[in-house]
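J.: how would this look folded up:
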Amino acid sequence: MPRKITKKPTRRGNNEGSIYQRKDGKWCGQVLLGYKPDGKPNRKTFYGKTREEVARKVAEATHQVFSGTVPTEKEKLKVEQLMQDFLWTFKRPTVTDVTFEWYLNLASAHIVPSLGKLDVCDVTAMTVQRFINNLHTEKGLAARTIKAVRDLLKQAFAHAAKLKFIDRNPVLDTKLPKQPRAVTDRDDDKKVITRAERSNIIAAAEGDLRMKTALTVLMFTGMRVGEFLALPWKNVDFENGKLTKRRTVVGGTKTQCSNRSFRVTPVVIEVLREWREALPEHMRCRPKHDILAPEAVVFPNDLGEMRTYDGFRTTYRRFMAANGLGDYTLHSYRHTFATMLLETGVNPKVVQKMLGHRDIETTLGIYSHVLAEVYDGVVEAITEIHERLRAADVNALGL
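T.: Numbers count the residues shown, from 1 in each chain. Coordinates of the predicted model:
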């Protein structure tokens, strides 16, 4: 009885690849990597002069497919899409509204216009380094902004590497350009309002209840401007003399440490009470809602809504210019509040809690110049203590 011959299959299985010779004599091979979001197959093609050369490439690619080390959309992912997915899906839940908005601005203003159309897998350390250098030499961005852009890129590409869209994060091999330290209005000696100007500002605001309210609260509470503009009436405890900070103009406070209730000086409570009584008279338009309701903001615009930071800053600058006062930023009042506390000998740990800093190192780093002056008086204080103790000993001995 003749032996039965089993016919071998003529087709390869899925993902095993196929090899054929083209009419021009070159050999060609294809491997199915997977399927695109629209359901169409995603194939990778290899070319070579000999069948053996192509077979080797196909075998390597096939192994990667079966081992799961080749992302199916690796070649199609653009930097713009990577930034959007990373920011909204992974970064958004971990940061405050203010920080997230800043990240979005960095991506839309700098990263996407320059790198957005590039494939993620094609971005090299050289590509990123040239981009960073351009931010410095061509756009003239501040060192802080350039560092923030690089940090954001590093996080996004680390995410891409973790998902195996790339083998290595190219941003790790880049460096920030060296920039000379510029003398700006944000330097320590310019941020704090001088003692003479503090008195001048308070005196000038006496005739303007709107500015008196704002500047008194800012100077004697240390609140961030965004926290003050978003402060609702329900967070003002007139009976116990307390304020509660829980949100800013853009959303939540800067850190969890910023969510806090604290007692304030009676001067702040009195000016807020005076402002509340006079607020209806200060409205130039008919408000859309009850401006004295618990949820209503303490310092609304003419429509009874929350003021924008830019709008209030413009009003503040006009007030300062009209009264011949110094060119201090609104954030200067927060620094001035902390400086006044330290100048009077308040413990830096207490100042940290009042400002809502996450740790004492932040407070000490910002106000080291004030602490240096405070520490200069320590020797005299210790000498005075010693003299009092010595005098007490002498009196006890009856000498």
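J.: how confident was the prediction at residue 261?
T.: pLDDT recorded at residue 261 is 78.
J.: measure the nearest residue to it once chain neighbours are set aside to residue 86 for me?
T.: Closest residue to residue 261 in three dimensions, ignoring its sequence neighbours and counting by Cβ to Cβ, 6 or more residues apart in numbering: residue 244, at 4.4 Å. All C-beta spots, glycine's among them, are computed from the backbone N, C-alpha and C. The gap separating residue 244 from residue 86 is 34 Å, by Cβ to Cβ, to the nearest Å.
J.: of these two, which one has the most company?
T.: Neighbour tally, residue 244 and residue 86, criterion other Cβ atoms under 10 Å: the higher count belongs to residue 86, 21 against 14.
J.: which stretches of the stretch 151-300 of the chain form helices?
T.: Assigned by DSSP state H, counting those that start in this stretch, the stretch 151-300 of the chain shows helices spanning 188-191, 195-205, 209-221, 225-229, 266-282.
J.: quick one: the ones you listed as a markdown table, columns for mean pLDDT too.
T.: Listed next are those as a markdown table, based on pLDDT from 0 to 100:
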| stretch | mean pLDDT |
| --- | --- |
| helix 188-191 | 51 |
| helix 195-205 | 92 |
| helix 209-221 | 93 |
| helix 225-229 | 90 |
| helix 266-282 | 92 |
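J.: and these: which comes nearest residue 21?
T.: helix 225-229 (68.5 Å; Cβ to Cβ).
J.: so what's the gap between the closest one and the chain middle?
T.: 17 Å (Cα atoms, centre = their mean, to the nearest Å).
J.: and that helix, what does it pack onto?
T.: helix 209-221, helix 309-322 (3 or more Cβ pairs under 8 Å, 6 or more residues apart in numbering; DSSP states H and E).
J.: where exactly do the strands run in the protein?
T.: 18-21, 27-35, 41-48, 236-237, 242-245, 260-263 (DSSP state E).
J.: run me through the strand neighbours of the fourth one, direction for each.
T.: Based on DSSP bridges, the strands next to strand 236-237 in the sheet, each with its direction, are strand 242-245 (antiparallel).
J.: which of the residues in the strand it pairs with are classified as buried?
T.: Buried residues in strand 242-245, counted by 16 or more other Cβ atoms under 10 Å: 243, 245.
J.: again with stretch 324-333
T.: With the criterion 16+ other Cβ under 10 Å, stretch 324-333 contains buried residues 328-330, 332-333.
J.: possible to save these as a markdown table with pLDDT?
T.: Output for the buried residues of stretch 324-333, formatted as a markdown table (pLDDT from 0 to 100):
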| residue | pLDDT |
| --- | --- |
| 328 | 90 |
| 329 | 90 |
| 330 | 91 |
| 332 | 88 |
| 333 | 91 |
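J.: rebuild those residues as JSON lines, extending it with distance to residue 114.
T.: Shown next, in JSON lines, are the buried residues of stretch 324-333 (distance: Cβ to Cβ, whole Å):
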{"residue": "328", "distance to residue 114": "36"}
{"residue": "329", "distance to residue 114": "30"}
{"residue": "330", "distance to residue 114": "32"}
{"residue": "332", "distance to residue 114": "35"}
{"residue": "333", "distance to residue 114": "37"}
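J.: which one among the residues you listed gets closest to residue 238?
T.: Nearest to residue 238 among those, with distances taken as Cβ to Cβ, is residue 333, at 22.3 Å.
J.: could you check how far the closest one is from residue 230?
T.: Remark: distance between residue 333 and residue 230 (Cβ to Cβ) = 16 Å.
J.: what's near enough to touch residue 118?
T.: 78-79, 127 (Cβ atoms under 8 Å, 6 or more residues apart in numbering).
J.: counting neighbours, which of those comes out on top?
T.: Busiest of those [other Cβ under 10 Å] is residue 79, holding 24 neighbours.
J.: so what's it closest to, chain neighbours aside?
T.: Nearest to residue 79 is residue 115, by Cβ to Cβ, 6+ apart, at 4.5 Å.
J.: mind listing the residues bridging to the closest residue to residue 240 other than its chain neighbours?
T.: In space, and not counting its chain neighbours, residue 240 is closest to residue 263: 7.4 Å by Cβ to Cβ, 6+ apart. Beta-bridge pairing for residue 263 (DSSP bridges): residue 242.
J.: how many other residues sit next to residue 263?
T.: Counted with other Cβ under 10 Å, residue 263 comes out at 12.
J.: try the one 4 residues further on
T.: When neighbours are defined as other Cβ under 10 Å, residue 267 has 13 of them.
J.: and residue 349, by the same measure?
T.: Residues near residue 349, counting by other Cβ under 10 Å: 11.
J.: tell me the pLDDT at it?
T.: pLDDT, read off for residue 349, is 78.
J.: can you check residue 397 too?
T.: On the pLDDT scale, residue 397 gets 53.
J.: again with residue 316
T.: On pLDDT, residue 316 comes in at 94.
J.: isn't it up against residue 331?
T.: No. Using Cβ atoms under 8 Å, residue 316 is not in contact with residue 331; the gap is 11.3 Å.
J.: circling back: would you format the contacts of residue 118 as TSV with distance to residue 221 and pLDDT included?
T.: Output for the contacts of residue 118, formatted as TSV (distance: Cβ to Cβ, whole Å; pLDDT from 0 to 100):
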residue	distance to residue 221	pLDDT
78	47	91
79	43	93
127	47	94
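J.: now these as CSV including distance to residue 283?
T.: Output for these, formatted as CSV (distance: Cβ to Cβ, whole Å):
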residue, distance to residue 283
78, 49
79, 48
127, 55
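J.: what's the neighbour count on the closest residue to residue 125 other than its chain neighbours?
T.: Nearest non-adjacent residue to residue 125, counting by Cβ to Cβ, 6+ apart: residue 173, 3.8 Å away. Applying other Cβ under 10 Å, we find 12 residues neighbouring residue 173.
J.: and what of the one 3 residues further on?
T.: Residue 176 sits with 16 neighbouring residues when counted by other Cβ under 10 Å.
J.: wait, what's in contact with it?
T.: 132, 143, 146-147, 150.
J.: list just the nearest of those to residue 290.
T.: Once Cβ to Cβ is applied, the member of the contacts of residue 176 that ends up nearest residue 290 is residue 147, at 45.4 Å.
J.: okay, now the domains of this structure?
T.: As assigned by automatic domain parsing, the chain contains the domains 18-67, 79-173, 192-366.
J.: please consider this matter closed, and thank you.
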